[in-house]
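1. this is the structure alone, sequence omitted:
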């Protein structure tokens, strides 16, 4: 056990105060710790690159940072990897690439551990979430009959569907078996559109694309992407340097600097209308390795994020709704549009006027339906679309952003069935969240069977699944 000190998440909006903190070196030590703290609340944490209270723990906290193995093997003619829980996605990619392999899906950020990534449904664009590709999960938990710590491998049935995205409720994840694939190349180019309909039509040709609704310009800038069998572009290295300097660094430094100005809202609008659109090269097709094309250095600057998932048929209306709400929030003199809201919601929207000026592109990514119980893109007959809203305001200046996000989350849940990302800012109540997942009852049953007293649930998760 190391010195017990508060742990701070990346966004500095969640503080964890453990009663005991451990960094076990192997699985045997994890089991020993569980037996030592029988009956206490126990949680594992990853890199804390999350904005929700789902990953946190108030009792005994374990960091599995020393569990780093990645082992390749074949099963039924398919390539698999057994990945230790504490291994970060960026480390996994590096180790797999050495053997000509990669993960089947990639998100924008690679800082998370694999256990944290699957537990909250981390996703990329155009494919399923990482959780969907999990074929077995090895967990340490207590035997309900004896109360003694044990190790179980979950590899089939509804239990596996639950373990693929479990919020840490089934025990301490030790390793994950995941299907992997050969490395591949991705070609991308940018185009701007006036409406979302042609963007969605382009998915047939560019299934890996993601796009951005530009605030205050209110047009769609699309990263058309597709897997190709081409060689790396001759100037791909220059494109990567341009992207890093102009977006990963330049855009964010520009926004951070502007937010410190007295009239930041006016300057932000000018930048998005007149300056930022011209920093992106249009129609320049570049091909590079997927592990370079599909990620961003999004962790370089501290921020706060909420992400809402809506079904495909709800996306156009949902994006129009987000735009109208942000317009109202951005000006104290805004008219209140007719958004078909009840009277209390209209009153809340009116109170938002002038409280928050949105200052970052709204990212939209398509996620295919997952074979899980409660990942955000689980269930239904349609693909899901993640709408990401980000603030780079300092923690002390986030109140306007949080009020706007609270309003969007609660009203978009009712209007569009929008599901908040489990690992990002999540303002909905337990009752509202449970309503969004038709198979939440099955998930609760599995949690109660394997952990009836709820020792692996933190205080927030206990509102979703009270201990028996």
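-> Received the coordinates, thanks. Source: prediction; values computed, not measured. Numbers count the residues shown, from 1 in each chain.
2. report the longest helix in the chain, please.
-> Assignment by DSSP state H gives helix 399-416 as the longest helix of the chain.
3. and residue 141, how far is that from residue 251?
-> 44 Å (Cβ to Cβ, to the nearest Å). Every C-beta, even on glycine, is put in place using the N, C-alpha and C of the backbone.
4. could you do residue 426 as well?
-> According to Cβ to Cβ, residue 426 stands 26 Å off from residue 251.
5. residue most distant from the centroid, the chain?
-> Distance from the C-alpha centroid of the chain, by Cα atoms, centre = their mean, peaks at residue 146 (36.8 Å).
6. and the pLDDT for that residue?
-> pLDDT, residue 146: 93.
7. swap in residue 443?
-> In this model, residue 443 carries a pLDDT of 97.
8. list the contacts for it?
-> 162, 373, 374, 437 (Cβ atoms under 8 Å, 6 or more residues apart in numbering).
9. so which of the residues you listed is the most crowded?
-> Greatest neighbour count in the contacts of residue 443, by other Cβ atoms under 10 Å, goes to residue 374: 29 neighbours.
10. and that one, which of the three is it?
-> Here residue 374 is coil, with the state taken from DSSP: H, G, I helix; E, B strand; the rest coil.
11. got the contact list for it?
-> Counted by Cβ under 8 Å, 6+ apart, residue 374 has contacts 162, 165, 167, 422, 437, 439, 440, 443.
12. in helices only, show me those residues.
-> Those of the contacts of residue 374 lying in helices (DSSP H): 162, 440, 443.
13. which one of these is nearest to residue 351?
-> The closest of those to residue 351 turns out to be residue 440 (Cβ to Cβ; 31.9 Å).
14. pretty sure the closest one contacts residue 373?
-> Yes: between residue 440 and residue 373 a contact is recorded at 7.3 Å, counting by Cβ atoms under 8 Å.
15. let's verify the residue nearest the centre of the chain: helix, strand, or coil?
-> Nearest residue to the geometric centre of the chain (Cα atoms, centre = their mean): residue 122, 4.5 Å. Of the three states, residue 122 takes coil under three-state DSSP.
16. measure it to residue 304 for me?
-> In terms of Cβ to Cβ, residue 122 sits 17 Å off from residue 304.
17. same check, this time on residue 171
-> 30 Å.
18. so where's the stretch 1-150 of the chain uncertain?
-> 1-3 (pLDDT under 70).
19. which parts of it are helices?
-> Along the stretch 1-150 of the chain, counting by DSSP state H, counting those that start in this stretch, helices occupy 27-36, 89-97, 114-119.
20. more neighbours: which of residue 426 and residue 251?
-> residue 426 (22 against 18).
21. the more buried one contacts residue 413, doesn't it?
-> No: taking Cβ under 8 Å as the definition, residue 426 is not a contact partner of residue 413, at 11.1 Å.
22. count the residues that sit near the nearest residue to residue 371 once chain neighbours are set aside.
-> Nearest-residue entry for residue 371: residue 132, 5.6 Å, with adjacent residues in sequence omitted and distances by Cβ to Cβ, 6 or more residues apart in numbering. Other residues within reach of residue 132, judged by other Cβ under 10 Å, total 26.
23. kind regards, and thank you for your time.
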